[in-house]
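[1] I'd like to go over a predicted model; first the sequence, then the structure.
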Amino acid sequence: MQESAAHPDELDLALIHALQLDPRAPWSRVGAALGVDPVTAARRWSRLTEAGIAWVTAHPVGLLRTVALVEVDCEAGHVLATAATLARWPHVLSVEHTSGAHDLLLTVATPGLTALSRYLRDAIGTVTGVRSTHTRLVTRAYALGGDWRLRTLDARQLERMDSPVHLGTGTVRPLPEVEHRLLRMLSRDGRASLTKLAAGLGCGLSTVRRRLRSMVAVRALVLRCDVAQPLSGWPVCLTLSAQSPAARLEAIANGLAALPETRSCAITAGGSSNVLHSAWLRSLDDAHRLELLLADRYPDLRITDRAVTLGHVKRMGQLLDDEGRSIGVVPMDVWTDPVEAARAAGLSRSDGRAGQCRWAPPSAGPTSMRQEPGKPGNGDGWPVRARRPRTRTLSRRPEHEGPSGQ
């Protein structure tokens, strides 16, 4: 059987779907579901991760006290450098270059509202190229990116995966230092073996196993398998801002979260809209079809803004290249002071280095990078590289539904 390298084939996509259902599933169960031996499944996954096509990571959920969506307007000619600067910061979870009224869309997490205010004022606002920011607060998430499924497995394969359904929004509780370190290790490699995790933490296998199970059970962390979007078959990311009547807000959010194209759906506060919905689509044509569907199903939902993601610079800690492939990790550190973390990275205007960021090797900072040997940067700050049951899809091909859960 010929194995893919640059682009995933059908078996690769089935493998990714299987790990979306259970990111740390043993290769014996994955292989049985896909009809291949465990060694083949493991080898396939190794090739996918080395190529940056897919990855398993971990991120906190219940521990995120304050999550904000920050739209950034940039000075002409500064979008790339500004995005590169912000992507290096651990409290900036995601960075998207978007069409529409704003240049960048950031997902930011801080310990609280006061910390967010300082972060916007004393860190993000000081970066060279940032002209203005517009902020909305997430009050409740109804769907997360880790809930989205490729839907390539058939019913028999889904039954063999037999993955558990994880529900709930997470438990807010302080983490001891050893669990902080465990989360950071899993953000780099969510499938790291217990032996490797135990060695990195300096504790026993049973301790790691117990702590990991506990953190997953209370959703102190969520494991997710992700894929390079341009190679997934769903290359278009559309983000809609909308206003819903207060009495209908929860029902509409639940309905949007159930759409199979939905990547994320949240209720927001502090802006001109109270719903944010992000969907992965087969084509730009489907953007109009999605709006028609929403208008038919939710006539009292008013779309206030639309944006197409032109490129993901960072997604939940993963640094991405122009093809959406993972090229490195900035582990999320949402518990510390965000302004101090930005200053520690040496990327604020006050130290004279803002807007001149260049990706550094792992030894130079907190960013863990993968870059092809002998391939220099391109001179612009980038490395060069040669929930619940879903309903009615916009896709024109039949899909197999997977179980809900993150």
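    Perfect, thanks for sending it. Residues are numbered from 1 along each chain as shown.
[2] OK, contacts around the nearest residue to residue 92 once chain neighbours are set aside?
    Once flanking residues are discounted, residue 92 sits nearest to residue 86: 5.0 Å by CB to CB, 6 or more residues apart in numbering. Every C-beta, even on glycine, is put in place using the N, C-alpha and C of the backbone. Applying CB atoms under 8 Å, 6 or more residues apart in numbering, we find residue 86 in contact with 72, 92, 95, 104, 106, 124, 127.
[3] same check, this time on residue 89
    So residue 89 contacts 123, 330, 338, 341, 342, 345, 347 (CB under 8 Å, 6+ apart).
[4] now swap in residue 99 and tell me
    Here residue 99 is in contact with 307, 308, 309, 310 (CB under 8 Å, 6+ apart).
[5] related to what we said a few turns ago, let me know the closest of the contacts of residue 86 to residue 231.
    Residue 231 lies nearest to residue 95 out of those, by CB to CB, at 19.6 Å.
[6] and that closest one, what's its pLDDT?
    In this model, residue 95 is scored at 98, pLDDT.
[7] again, but for residue 61
    pLDDT, residue 61: 75.
[8] residue 345 now?
    82.
[9] please report the number of neighbouring residues for it.
    The tally of other residues near residue 345 (other CB atoms under 10 Å) stands at 21.
[10] quick check, it in contact with residue 91.
    No - judged on CB atoms under 8 Å, residue 345 makes no contact with residue 91 at a distance of 10.4 Å.
[11] quick one: classify the residue nearest to residue 92 as helix, strand or coil.
    Assigned by DSSP: H, G, I helix; E, B strand; the rest coil, the conformation of residue 86 is helix.
[12] for stretch 149-164, what is the distance to the chain centroid?
    22 Å (CA atoms, centre = their mean, to the nearest Å).
[13] give the buried residues for it.
    Neighbour-count burial for stretch 149-164 flags 149, 150, 151, 152, 153, 157, 158, 160, 161, 163 (criterion: 16 or more other CB atoms under 10 Å).
[14] what's the mean pLDDT across it?
    pLDDT averaged over stretch 149-164 gives 88.
[15] cool, stretch 215-229 as well?
    For stretch 215-229, the per-residue pLDDT averages 90.
[16] what of stretch 103-115?
    According to the model, stretch 103-115 has a mean pLDDT of 96.
[17] what's the span of it, first residue to last?
    24 Å (CA to CA, to the nearest Å).
[18] from memory residue 181 sits against residue 200, does it?
    Yes - counting by CB under 8 Å, residue 200 is a contact partner of residue 181 at 7.4 Å.
[19] next one: residue 227 from residue 146, what distance?
    Separation of residue 227 from residue 146 (CB to CB, to the nearest Å): 11 Å.
[20] start to end distance for stretch 317-327?
    This stretch, stretch 317-327, spans 11 Å end to end (CA to CA).
[21] try stretch 52-66
    30 Å.
[22] show me where this protein has strands.
    54-60, 66-74, 92-98, 104-110, 130-143, 221-227, 236-243, 262-269, 275-281, 302-315, 318-320, 326-329, 368-369 (DSSP state E).
[23] the last one - what's its average pLDDT?
    Spelled out, that is strand 368-369. On average, the pLDDT along strand 368-369 is 48.
[24] if we can go back for a sec, mind checking which of the contacts of residue 99 are buried?
    Of the contacts of residue 99, these count as buried by 16+ other CB under 10 Å: 307, 309.
[25] wait, which of the contacts of residue 99 is closest to residue 232?
    residue 309 (13.2 Å).
[26] which pLDDT value belongs to the spatially closest residue to that closest one that is not a sequence neighbour?
    Excluding its sequence neighbours, the residue lying closest to residue 309 (CB to CB, 6+ apart) is residue 237, at 3.8 Å. Note on residue 237: pLDDT of 98.
[27] so what's residue 237 up against?
    For residue 237, the contact set (CB under 8 Å, 6+ apart) comprises 96, 229, 263, 278, 279, 280, 281, 308, 309, 312.
[28] mind giving me the PyMOL select for these, buried ones only?
    To isolate the buried members of the contacts of residue 237 in PyMOL, using 16+ other CB under 10 Å:
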select buried, resi 96+229+263+278+279+280+281+309+312
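[29] ok, the contacts of residue 237 vs residue 269, which is closest?
    Set against residue 269, the nearest of those by CB to CB is residue 278 (17.6 Å).
[30] just checking, that closest one touches residue 239?
    Yes - Residue 278 is in contact with residue 239 according to CB under 8 Å; the separation is 4.7 Å.
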